[in-house]
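> A predicted structure for the sequence below; I have some questions about it.
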Amino acid sequence: MPQPPSYADFLFPGGAAKALVLSMDDGPVQDRRLVGLLGRYGIRGTFHLNSGRLGRPDHIDPEEVASLYAGHEVSTHSVSHPYLDSLSRTEIAAEVGDDRAALSRLLGRDVRGHAYPFGARNATVIGVLRALGIAYGRTADQTRDFRLPADPLAWDPSCHHSAAAGLVEAFFARPDDTLALFFIYGHSWELDAGEPTNSWAYMEDLLRRLGGRDDLWYTTAIEVADYLDAIHAVRPAPTGDGLYNPS
Ligand SMILES: [Zn+2]
């Protein structure tokens with residue numbers, strides 16, 4: 001009998017077995033500095049924005065969303081950053097759906113991802129996001145490894161940016177026998193703390209270590225989610241010889 005495909009049967013685009021996603025929340029003014037650093041090291045970001053906070057003195061302006069984040073992903077983080085698990089279905093749909101609409105308007109293209117404010121979600125929240133057609137929801141629960149998500153709407157990252165330096169060598173040392181994702185989340189505003197693992201110098205060193213490799217797919221959360229969808233659609237060929245994607 002043909003076996004269903006596993007991640008060991010695939011590589012990421014470009015032939016890499018490893019992928020890197022940097023997922024940063026809130027759209028603070030410090031994103032301007034972070035985007036500059038990402039450009040220097042060839043790393044792409046996934047930026048989760050609260051449309052209701054854009055234009056505040058400590059947040060970026062709505063008019064700069066499209067230009068600042070060009071080449072990166074922009075994704076929802078709700079309009080006003082509430083605990084979504086404390087809201088009704090209607091309120092959840094408005095917080096996420098209205099954020100999606102506002103960000104999509106600013107970008108001129110559809111925004112399909114999400115990061116849960118405070119990492120807070122429950123089955124109701126996840127159900128509403130699924131019904132809205134949101135492709136993934138990133139939590140703030142750290143796996144400390146490089147697994148791919150069982151459910152992209154409950155997508156646990158590898159770790160917070162302050163813990164990422166400690167995982168770099170383990171990531172690079174990982175054998176390329178199956179797909180692996182280093183999924184880092186955090187906030188650029190935290191880097192102003194100036195602490196040993198939470199400073200601009202720390203972040204630049206992390207990006208320098210992660211950048212410039214030809215065995216890594218430098219990508220975004222939505223690109224990974226879409227790629228995993230395509231993998232899941234692949235079936236063993238009816239002849240028992242190889243794989244194909246019937247869609
Ligand atoms: Zn947030």
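Received it, and whenever you're ready, just let me know what you need.
> at contact distance from the ion, anything in stretch 123-142?
No - Stretch 123-142 is not in contact with the ion by C-beta under 5 Å from the ion; minimum separation 8.8 Å. Bear in mind the C-beta positions are built from the backbone N, C-alpha and C, glycine included.
> ok, and for that stretch, which residues are buried?
125-126, 128-129, 134-140, 142 (16 or more other C-beta atoms under 10 Å).
> One more: stretch 70-77?
Buried residues in stretch 70-77 (16+ other C-beta under 10 Å): 72-77.
> among the residues you listed, which are in strands?
Judged by DSSP state E, strands contain the following of the buried residues of stretch 70-77: 73-76.
> so what's residue 190 up against?
Neighbour list for residue 190: 161-162, 198 [criterion: C-beta atoms under 8 Å, 6 or more residues apart in numbering].
> By neighbour count, which of these wins?
In terms of neighbour count, residue 161 stands highest of these at 24 neighbours, by other C-beta atoms under 10 Å.
> is it true that it touches residue 189?
No - using C-beta atoms under 8 Å, residue 161 is not in contact with residue 189; the gap is 11.6 Å.
> Need the overlap of contacts for those two.
Overlap of the contact sets of residue 161 and residue 189 (by C-beta under 8 Å, 6+ apart) is empty.
> For beta bridges, what are the partners of residue 18?
Residue 18 forms beta bridges with residue 180, residue 216, as assigned by DSSP bridges.
> Wait, it touches residue 174, no?
Yes - between residue 18 and residue 174 there is a contact at 7.0 Å, judged by C-beta under 8 Å.
> between those two, who's got more neighbours?
With neighbours defined as other C-beta under 10 Å, residue 18 and residue 174 compare such that residue 18 has more, 19 against 15.
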